[in-house]
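J.: sequence below, structure please.
(chains A, B and C)
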Amino acid sequence: MENSNLDTERMLQVGKEEAYSSASSSSSTQQENWAEAQEFLKKKLITEDDFTWKIPRPRSENPRRFIEEEEEEEVGEVLKYVGGVDISFSKEDPSLACGSLLVLDLHSLQVVYEDFSVVTLNIPYVPGFLAFREAPVLLGLLEKMKSNSSPFYPQVLMVDGNGILHPRGFGLACQLGVLGNLPTIGIGKNLHHVDGLTISGVRQLLKCKEHDGEDFIPLTGCSGRIWGVAMRSTEGSFKPIFISIGHRISLDTAITIVKMTCKYRVPEPTRQADIRSRDYLRKHHLGMPRRLSVEVNGLKEVFLCLTMRWRPSRICCN
DNA sequence: GCGACAG
DNA sequence: ATCTTGTCGC
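T.: A predicted model of the protein is given here:
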């Protein structure tokens, strides 16, 4: 146990060192190390339900609920606090980001906890390695909440990004789950093409299934592996969301919980995390696009550079 | 070589 | 991820 923790620390340290030393290492070496870290952490992944709580029945399915209130108490811990995380970015300075962690009450779907963290991200987004860019901020928010002994600490966390639906079967939701040691669910808004899966193929299967009254289809790759499901979470939306397990949860349970939290296409925990992190940047004068009267090409860029944070690399010399 | 590539 | 206008509908 001690050894494995030390190994984990070392793997993460490798990722850190590589990330901050841009001069000495080539980008391919960095990605190889990242992939190595993912393969390592993947060994700790738990793909079954691993928690003590139960999922409460929807009110509509239980007419005798009022009679059984006391009985439900005896059943033990019931799922109540569902978390959601996301990160928003500033348009002016793409390295400026706001991570958010919210917790919603499952029954009311109201936000009972929210926290934000504005940071500067030095690590680029590379497809397949999203976690190395986004996980540190989000783990920080989780850690802060835990150390504060908040009574709202999430029993399960919904992540804006995939779980095992990933080239190496270890996406952001998995990494947050393993490193944060809590159940996680991955929510993708776009399909990450893996194992022969295509968006057109998914659409066809969904169209066939909708006559059967089912609103989701398994994402079965060429290899036969099931990576998750594509689900039409809203009546009017032909565009599905992609659910995959993160950590310490089964796919069936993940689907059930997602359905319980879907007021719109994207389930409320991640939807609110998305909305509120963007609002946070705005309200703190960080991400708001300012109206400029200067329209002359080139001059506008100079103005932006002198006025606010602006990446020099984006300025072209005429 | 070409296309694909979560956020 | 981010930008962007109006538009159609309940």
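
J.: could you pull up phi and psi at the closest residue to DNA strand B within chain A?
T.: Nearest residue of chain A to DNA strand B, counting by CB to the nearest atom of the strand: residue A:171, 2.9 Å away. Any C-beta I mention is one placed from the backbone N, CA and C, and that applies to glycine too. Note on residue A:171: its backbone torsions stand at phi -80, psi -170 [degrees, to the nearest 10].

J.: enumerate the residues of chain A near DNA strand B.
T.: Selection of chain A residues close to DNA strand B by CB under 7 Å from any atom of the strand yields A:86-87, A:89, A:125, A:127-131, A:160-162, A:166, A:171-173, A:186, A:188-193, A:199.

J.: which of those are close to DNA strand C?
T.: Within the residues of chain A next to DNA strand B, those near DNA strand C by CB under 7 Å from any atom of the strand are A:87, A:89, A:160, A:189.

J.: coming back round to it: just the ones in helices from the residues of chain A next to DNA strand B, please.
T.: A:130-131, A:172-173, A:199 (DSSP state H).

J.: can I get the residues you listed in a markdown table with distance to residue A:108, neighbour count and pLDDT?
T.: Shown next, in a markdown table, are those (distance: CB to CB, whole Å; neighbours: other CB atoms under 10 Å; pLDDT from 0 to 100):
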| residue | distance to residue A:108 | neighbour count | pLDDT |
| --- | --- | --- | --- |
| A:130 | 31 | 21 | 97 |
| A:131 | 31 | 27 | 98 |
| A:172 | 27 | 26 | 98 |
| A:173 | 25 | 34 | 98 |
| A:199 | 34 | 14 | 92 |
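
J.: who's in contact with the nearest residue in space to the residue of chain A closest to DNA strand B that is not next to it in sequence?
T.: In space, and not counting its chain neighbours, residue A:171 is closest to residue A:162: 3.8 Å by CB to CB, 6 or more residues apart in numbering. Residue A:162 makes contact with A:171-173, A:186, A:188, A:192, A:228, A:242, A:244 under the criterion CB atoms under 8 Å, 6 or more residues apart in numbering.

J.: how about the helices in the stretch 1-150 of chain A?
T.: With DSSP state H, counting those that start in this stretch as the criterion, the stretch 1-150 of chain A has helices at A:2-20, A:27-42, A:69-75, A:130-147.

J.: spell out which residues of chain A are next to DNA strand C.
T.: A:87-89, A:91, A:160, A:189, A:274, A:278, A:287, A:289.
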